[in-house]
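**Q** Sequence and computational prediction follow.
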Amino acid sequence: MTYENILVSQNGHTQTITINRPNQLNALNKQTITELNDALNAANQDAETGVVILTGSGEKAFVAGADIKEFADFSVEKGRELAAQGQQLLFSFIENMTTPVIAAVNGFALGGGLELAMASHIRIASANAKMGLPEVSLGVIPGYGGTQRLAQLVGRGKANELIFTAGMISAEEAKNWGLVNHVCEPEEIMDLANELAAKILKNSGTAIASAIRAVNALYSEGGQKGFDTEVEEFGKCFGTADFKEGTGAFIEKRKPNFRA
Ligand SMILES: C/C=C/C(=O)SCCNC(=O)CCNC(=O)[C@H](O)C(C)(C)COP(=O)(O)OP(=O)(O)OC[C@H]1O[C@@H](n2cnc3c(N)ncnc32)[C@H](O)[C@@H]1OP(=O)(O)O
């Protein structure tokens, strides 16, 4: 498949998807969302891909938001559809992928850009990154899951302040808030993402998929359902080849090989 707005590259079991509209600071237009859905769907179904890294092209932006020029004349109905389709095709889709997604935030992550990073399973950032949900400065609210995921990740008070002020926080502040896990120099971000991917790839892909479903159950279903999902997913692991390999390797005092 050839894409207009994204680049896809494979290095072993790690796939890197780069949003590639640098002249528009990688803003997410409809075409880009469709292409991302297509590539991520393929990666999620590809047994050879164990981790996906998402990043932005150029030195300035991860993604500077949804494409404002594309939606500026939308009606109420089209606005609703924009959020619903975007959430379904990309943001909720990523969160529910069973292949882990690392967002390598290499510059501005604003509006839909921060929402894309927050839908990913893990976030790292370069020291020059700036993050925010500035939608209220445009007379709209975050519509790609931002009101929900920011509050989940950093708490309601901090989320409200960032949303109401349309402000931006630095990578270091984002780390202090728990919004990103690691901050590094801009030129090191892909190495850091690949190092993290390599650590993940040493472990069982089926067990990681179960862990994603169990953690997500807390947010999608809440309360006891999260614990119930954990019990189900835990049980399912016992029927996998990876479980036999992992426990067998421990007992035989050797390293497991989940990707033989
Ligand atoms: C459901 C989700 C909703 C949303 O996500 S709403 C959008 C939320 N995002 C924003 O409001 C951020 C918009 N962008 C900016 O405020 C600024 O950019 C920056 C602060 C990120 C950078 O400013 P500077 O360094 O001066 O660059 P520049 O000249 O503004 O941008 C370079 C080119 O990129 C285009 N661009 C930037 N962000 C977007 C966007 N979100 N949608 C559409 N185009 C965008 C510009 O227009 C321009 O393009 P040209 O050179 O053709 O004029």
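**A** Nice, thanks for sending it over.

**Q** got the end-to-end distance for stretch 21-39?
**A** End-to-end distance for stretch 21-39, by Cα to Cα, to the nearest Å: 16 Å.

**Q** again, but for stretch 10-24
**A** Stretch 10-24: ends 25 Å apart by Cα to Cα.

**Q** now that stretch: mean pLDDT?
**A** Averaged across stretch 10-24, pLDDT comes to 98.

**Q** now swap in stretch 219-237 and tell me
**A** Averaged over stretch 219-237, pLDDT sits at 84.

**Q** just stretch 242-256 next, same as before
**A** Rounded mean pLDDT across stretch 242-256 is 93.

**Q** Okay, buried residues for that stretch please.
**A** 242, 245-246, 256 (16 or more other Cβ atoms under 10 Å). To be clear about C-beta, it is placed using only N, CA and C from the backbone, and glycine gets the same treatment.

**Q** As JSON lines, those with distance to residue 47 would be great.
**A** Listed next are these as JSON lines, based on distance: Cβ to Cβ, whole Å:
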{"residue": "242", "distance to residue 47": "12"}
{"residue": "245", "distance to residue 47": "15"}
{"residue": "246", "distance to residue 47": "18"}
{"residue": "256", "distance to residue 47": "17"}
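
**Q** closest to the ligand among those residues?
**A** Here the nearest of these to the ligand, counting by Cβ to the nearest ligand atom, is residue 242; it sits at 37.5 Å.

**Q** my guess is that closest one is in a helix, correct?
**A** Yes - checked against DSSP: H, G, I helix; E, B strand; the rest coil, residue 242 lies within a helix.

**Q** Got the confidence number for the closest residue to it other than its chain neighbours?
**A** Leaving aside its chain neighbours, residue 242 sits nearest to residue 204 (3.6 Å; criterion: Cβ to Cβ, 6 or more residues apart in numbering). pLDDT, residue 204: 97.

**Q** same check, this time on residue 260
**A** Looking at residue 260, its pLDDT reads 77.

**Q** so where does the residue nearest to it when sequence neighbours are not counted fall, helix or strand?
**A** Distances taken as Cβ to Cβ, 6+ apart put residue 245 closest to residue 260, at 8.0 Å, once the chain neighbours are dropped. Using DSSP states H and E, residue 245 falls within helix 241-251.

**Q** Just say helix, strand or coil for the spatially closest residue to residue 213 that is not a sequence neighbour.
**A** Nearest residue to residue 213 in three dimensions, chain neighbours excluded: residue 233, at 5.4 Å (Cβ to Cβ, 6+ apart). Three-state assignment for residue 233 (three-state DSSP): helix.

**Q** do you know how far residue 233 is from residue 9?
**A** Using Cβ to Cβ, to the nearest Å, one obtains 31 Å as the distance from residue 233 to residue 9.

**Q** higher neighbour count, those two?
**A** The neighbour count for residue 233 versus residue 9, taken as other Cβ atoms under 10 Å, is higher for residue 233 (19 against 10).

**Q** doesn't residue 210 make contact with the more buried one?
**A** Yes - Residue 233 lies in contact with residue 210 (Cβ atoms under 8 Å); the separation is 3.7 Å.
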